[in-house]
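here you go, sequence then predicted model.
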Amino acid sequence: MTARGWFLFSLMGVVWGIPYLMIKVAVDAPLSPSMVVFTRCALGAALLLPFAIRAGGLLHTIRSHWLPMLAFACIEIIGPWFTLTDAERHLSSSTAGLLIAGVPIVGVVLSRAFGNTEHLSARRVTGLALGLAGVAVLTVPHLTGGDARSLGEVFLTVLGYATAPLIASRWLKDVPTLQLIVPCLTLAALVYAPAAAMTWPSAMPSTSVLVSLLALGAICTALAFVAFLELIKEVGPTRATVFTYVNPAVAVAAGALFLGEDLTWGIGAAFTLILAGSVLATAGPVRRAPARPVTWSTRQTSRADGRVESP
């Protein structure tokens, strides 16, 4: 993977590892899931809209790609962001982040249904397995305090997160990043605006809640989506989602820093497995040295007397 790819991968590991904590702060305020999703999408769209307009071609892009853009918006944003946010009313932020790490495995399975021919070498399969093992080590101690509905909502989120990159890679790969994400965020904000209005808080939320919403919209939505779509173009849809193996470690670390959760040896071991798995799973194909072309000089043979003779 290129230096640019590693930078985008590392950035995504962080900016989509911290939303779970921020969502938890917001829904515990309590704000409704619809309110959280609306605020996040509206703020992200508002921040990116001026850049999309300046780049030009926004309306033409919508007219020519509206169907796959609609599918991407529904599968990546409108559905998963609500189910994830609603699930965190009953699940801890760490648990939600840990469960989302199943995205790469689901993505590998679904990629075959989408006709994706991206090669999975033994090294990448080993990386996926190591990452999944690390997630399992982290997940088992944290799978408490949730009900079947909440866990089901997270798994629906995983399915959406695994499917959307495949749609983007197959039907939207030539669409500029801003021209894709701004309409999708705007649509999502419009969808949740009525429900958000009906559940508008009666009092001003606390500073911590406002900061969480601001960070969700500016960092975890506007910045993150630009980086995510560029990462898909850089390394492909299957490899791009492997950053979700890093997200659980970030989520657990955030819980330890801000919620006082314990850091154990098991977490340290899992973090090592996750990082090792990420390196292997995102590795590109092994480059083989090209065969040396046969030329006149290489076909020459030596006679016993030391003189060179051509066959």
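Happy to help now that I have it. Numbering: from 1, shown residues only.

the most centrally placed residue in the chain in helix, strand or coil?
Nearest to the geometric centre of the chain sits residue 241, at 4.9 Å (C-alpha atoms, centre = their mean). Each residue gets one of three states, and residue 241 gets helix by DSSP: H, G, I helix; E, B strand; the rest coil.

kindly state the pLDDT recorded for it?
Note for residue 241: predicted pLDDT of 77.

what's the answer for residue 13, then?
85.

count the residues that sit near the nearest residue to it once chain neighbours are set aside.
The shortest distance from residue 13 to any non-neighbouring residue, by C-beta to C-beta, 6 or more residues apart in numbering, is to residue 246 (3.3 Å). From N, CA and C alone the C-beta is placed, and that goes for glycine too. Residue 246 has 24 neighbouring residues, counting by other C-beta atoms under 10 Å.

one more: residue 169?
Residue 169: 20 neighbours (other C-beta under 10 Å).

correct me, but it touches residue 237?
Yes. With contact defined as C-beta atoms under 8 Å, residue 169 counts as touching residue 237 (4.0 Å).

can you pull the contacts of residue 240?
9, 165, 228, 231-232, 234 (C-beta atoms under 8 Å, 6 or more residues apart in numbering).

ranges for the helices of the stretch 1-150 of the chain?
3-15, 19-27, 33-55, 58-72, 79-87, 93-100, 103-113, 122-142, 148-171 (DSSP state H, counting those that start in this stretch).

can you tell me which of these is nearest to residue 215?
Residue 215 sits nearest to helix 19-27 of all the helices of the stretch 1-150 of the chain, at 5.7 Å, using C-beta to C-beta.

hmm, who's touching that closest one?
33, 36, 84-85, 88-89, 92-94, 96-97, 100, 208-209, 212-213, 215-216, 220, 247, 251, 254-255, 258-259.

out of the helices of the stretch 1-150 of the chain, which is closest to residue 264?
Going by C-beta to C-beta, the one of the helices of the stretch 1-150 of the chain nearest residue 264 is helix 122-142, 7.8 Å.

next, the angle helix 103-113 makes with the closest one.
130 degrees (axes from the mean of the first three to the mean of the last three C-alpha atoms, to 10 degrees).

which strands and helices sit next to helix 122-142?
The contact analysis (3 or more C-beta pairs under 8 Å, 6 or more residues apart in numbering; DSSP states H and E) places helix 122-142 against helix 93-100, helix 103-113, helix 247-259, helix 265-281.

let's go with 6 Å and repeat that
Using 3 or more C-beta pairs under 6 Å, 6 or more residues apart in numbering; DSSP states H and E, the elements in contact with helix 122-142 are helix 93-100, helix 265-281.

coming back round to it: I'd assumed residue 107 was in contact with the residue nearest to the centre of the chain.
Yes. Using C-beta atoms under 6 Å, residue 241 is in contact with residue 107, at 4.8 Å.

what residues are up against residue 244?
100-101, 103 (C-beta atoms under 6 Å, 6 or more residues apart in numbering).

buried residues, the helix or strand residue 213 falls within. List them.
Residue 213 belongs to helix 207-217 when assigned by DSSP states H and E. Applying a neighbour-count criterion of 16 or more other C-beta atoms under 10 Å, one finds 209, 212-213, 215-217 buried in helix 207-217.

next SSE after that helix?
Trace forward from helix 207-217 with DSSP H and E and the next one is helix 224-235.

contacting residues around that next one?
With C-beta under 6 Å, 6+ apart, helix 224-235 has contacts from 1, 5, 8, 11-12, 15-16, 165, 168-169, 177, 181, 240.

next, format those residues as a markdown table and append distance to residue 42.
Output for these, formatted as a markdown table (distance: C-beta to C-beta, whole Å):
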| residue | distance to residue 42 |
| --- | --- |
| 1 | 34 |
| 5 | 31 |
| 8 | 25 |
| 11 | 23 |
| 12 | 22 |
| 15 | 19 |
| 16 | 19 |
| 165 | 24 |
| 168 | 22 |
| 169 | 27 |
| 177 | 19 |
| 181 | 13 |
| 240 | 26 |
